[in-house]
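J.: would you be able to build a 3D model of this:
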Amino acid sequence: TTTIGALLSCGDNHRGQLGLGADHAGFDEHGEAKRVHGLRWVALPDNAQAAQVACGYQQTCILTRTGNLFGCGDNRNGQLGLGESEDDVPSAQPVPLPAGAVAAQVACGAEHTCVVTTSGELLACGHNNNGQLGLGQGSARRVRRLTAVPVLAPVREVVCGAWHTCALTVNGTVLTCGTN
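T.: Residues are numbered from 1 along each chain as shown. Model prediction:
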């Protein structure tokens, strides 16, 4: 992101993870993944200004300065939180947050996404095959919408590894879940 809230991207784009639209996503005539060499401007809906960006294996989540969230790229496991949308999302799409929630931070693992809200709530979506969403024993393997994670104290920050998640609460406790 730039100081004026613009977002630029480059690299492999076969799932649309660069957010540049359908013309730049997918595969070329030789069956090779489309790649974008050199930074390109990413158009965000409603002229939104990016404050933070997080990238997973093939997904990108963009937090705006106003606390809205957008996602693009691979959504096969619900990691964009868009519900039952298409598997590949080539342009930034608004991610629905629970009523009244405002996003303060976003983090991505390989195939999951976590969000901290301004009230300290932790939300998660995506692949949960290793318990990386922190939703407890027996929870769904794929969670397609941002879902509240039960924590004992408000969360200050979240980080994700490929298959695990760590959250720091406001009282200094570190919570972990997923592959050890």
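J.: quick check: residue 163 touching residue 176?
T.: No. Counting by Cβ atoms under 8 Å, residue 163 stays clear of residue 176, with 11.7 Å between them. Just so you know, the C-beta spots here come from the backbone N, C-alpha and C atoms, and that holds for glycine as well.
J.: neighbour-wise, which of these two wins?
T.: residue 163 (17 against 12; other Cβ atoms under 10 Å).
J.: neighbours around the closest residue to that one other than its chain neighbours, how many?
T.: Distances taken as Cβ to Cβ, 6 or more residues apart in numbering place residue 179 nearest to residue 163, at 4.1 Å, with adjacent residues excluded. Number of residues near residue 179 (other Cβ under 10 Å) recorded here: 12.
J.: so how far is residue 131 from residue 179?
T.: According to Cβ to Cβ, to the nearest Å, residue 179 and residue 131 sit 8 Å apart.
J.: go on, residue 83?
T.: 22 Å.
J.: ok, now residue 149?
T.: 11 Å.
J.: neighbour count winner among the two?
T.: residue 149 (21 against 18).
J.: buried residues in stretch 47-60, which are they?
T.: For stretch 47-60, the neighbour count (16 or more other Cβ atoms under 10 Å) marks 48, 50-60 as buried.
J.: end-to-end on stretch 26-33?
T.: 6 Å (Cα to Cα, to the nearest Å).
J.: which of the residues in it are buried?
T.: For stretch 26-33, it's none, nothing buried (16+ other Cβ under 10 Å).
J.: avg pLDDT for it?
T.: Stretch 26-33 carries an average pLDDT of 84.
J.: contacts for that stretch next, please.
T.: Under the criterion Cβ atoms under 8 Å, 6 or more residues apart in numbering, residues 12-14, 16, 34, 88, 90 lie in contact with stretch 26-33.
J.: now do the strands in the chain.
T.: Using DSSP state E, the strands found in the chain span residues 7-12, 35-42, 50-55, 59-64, 69-74, 88-94, 103-108, 112-117, 122-127, 142-148, 155-160, 164-169, 174-178.
J.: distance from the chain centre to stretch 59-75, please.
T.: Chain-centre distance of stretch 59-75: 6 Å, with Cα atoms, centre = their mean, to the nearest Å.
J.: can you check stretch 21-31 too?
T.: 22 Å.
J.: next one: stretch 55-67
T.: For stretch 55-67, the distance to the chain centre is 5 Å (Cα atoms, centre = their mean).
J.: now do stretch 50-59
T.: For stretch 50-59, the distance to the chain centre is 6 Å (Cα atoms, centre = their mean).
J.: do stretch 39-58 as well
T.: The mean C-alpha position of stretch 39-58 is separated from the chain mean by 11 Å, Cα atoms, centre = their mean.
J.: with stretch 2-17 instead?
T.: The answer for stretch 2-17 is 13 Å, by Cα atoms, centre = their mean.
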